[in-house]
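Engineer: quick check, what structure comes out for this input:
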Amino acid sequence: MKKSVHFTYIAIMVIITIAVTIYLFYTGYSYYNTPLEERFYHPRHSWFKSSGIYGQGLGIVGTLMILFGVVIYILRKRYNFLAKQIRLKYLLEFHIFLCTLGPILVLFHTAFKFGGIVSVAFWSMVAVVLSGVAGRFIYNQIPKTIEGRQLTIEEVKNMKTDLAVVLHQKFSLQSNTLDIVSDLMSNENDIENRKKLGYLRKVLSRGDLPKADRKSILKMVKDEIKLTKKIARLKRMQNLFKYWHVAHMPFAIIMLIVVVIHVAVTVAFGYKWIF
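Structural biologist: A predicted model of the protein is given here:
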């Protein structure tokens, strides 16, 4: 999937989420804006209340969206379900879409009335969504293959070359120039590297190298610097990802347990929606 198509794919999901949220606010604003103690007298109380056809329907659809988004993502990530049909990074976007829109529907299902076990489920859900947004940011920083699989540190390191040796063999660069290149490879300070790249450009221009060769050398150096940064970023992000799971998974499990209890209690009291 090209970047433009990928952007369109994400934009469509964002637009749907915003449009659905606006629609739900618009249709139920008068009810949600009514004080809790007066809602019983609202002409559409039986429709918008949590146990009403509309209110309960939002809860059911929202919960199913969350469950489907979680299950299909886990199946794809851990068991390679539909691996040939769907790239992991696009399924992640769909997972985020369902697990963002689903909680919004659940929010309107509660009619903005929180209390007891429902409040535990709701705030656990909020924590899961927020940690999911943070997780997406961390995930995007981790280098991946074109299929969306995370690269290991060893895989990224194997992409590196002994640049000094390559440049010496291909362009017969002098030792002082190679020292500048080696210094660039070992430095992670962007400001200093920009200065050193400028200095390397001047050093190369003083020699008798053709312009095309100078451009090729600078490109190789810049690519190697990017790869060095990628390795450093991968190490940081993998560590962050470990801590992220500590926050994300417990809240998700708590939410799931409370939702199961909530559904069981609801059915036990006879609230079976349209069935």
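Engineer: just name the shakiest helix or strand of this structure by mean pLDDT.
Structural biologist: Between all helices and strands in the chain, the lowest mean by mean pLDDT, DSSP states H and E belongs to helix 153-157, at a mean of 55.
Engineer: center of the chain, which residue is that?
Structural biologist: residue 136 (1.8 Å; C-alpha atoms, centre = their mean).
Engineer: surely residue 69 touches residue 97?
Structural biologist: Yes. Assessed by C-beta atoms under 8 Å, residue 69 is found in contact with residue 97 at 7.5 Å. Where C-beta positions appear, they are placed from N, C-alpha and C, glycine not excepted.
Engineer: which element, helix or strand, includes the residue nearest to the centre of the chain?
Structural biologist: Using DSSP states H and E, residue 136 sits in helix 117-141.
Engineer: check which helices and strands the one helix or strand residue 224 maps to is in contact with.
Structural biologist: If you go by DSSP H and E, residue 224 is part of helix 211-268. Using 3 or more C-beta pairs under 8 Å, 6 or more residues apart in numbering; DSSP states H and E as the contact test, the elements touching helix 211-268 are helix 53-79, helix 117-141, helix 153-157, helix 163-171, helix 175-186, helix 190-206.
Engineer: between those, which one is nearest to residue 251?
Structural biologist: Between residue 251 and the helices and strands packed on helix 211-268, the tightest spacing by C-beta to C-beta is seen for helix 117-141, at 4.2 Å.
Engineer: and the helices and strands packed on helix 211-268: which comes nearest residue 12?
Structural biologist: helix 53-79 (16.0 Å).
Engineer: dihedrals phi and psi, residue 110?
Structural biologist: phi -70, psi -10 (degrees, to the nearest 10).
Engineer: hmm, residue 50 and it touching each other?
Structural biologist: Yes. Counting by C-beta under 8 Å, residue 110 does reach residue 50; the two are 6.0 Å apart.
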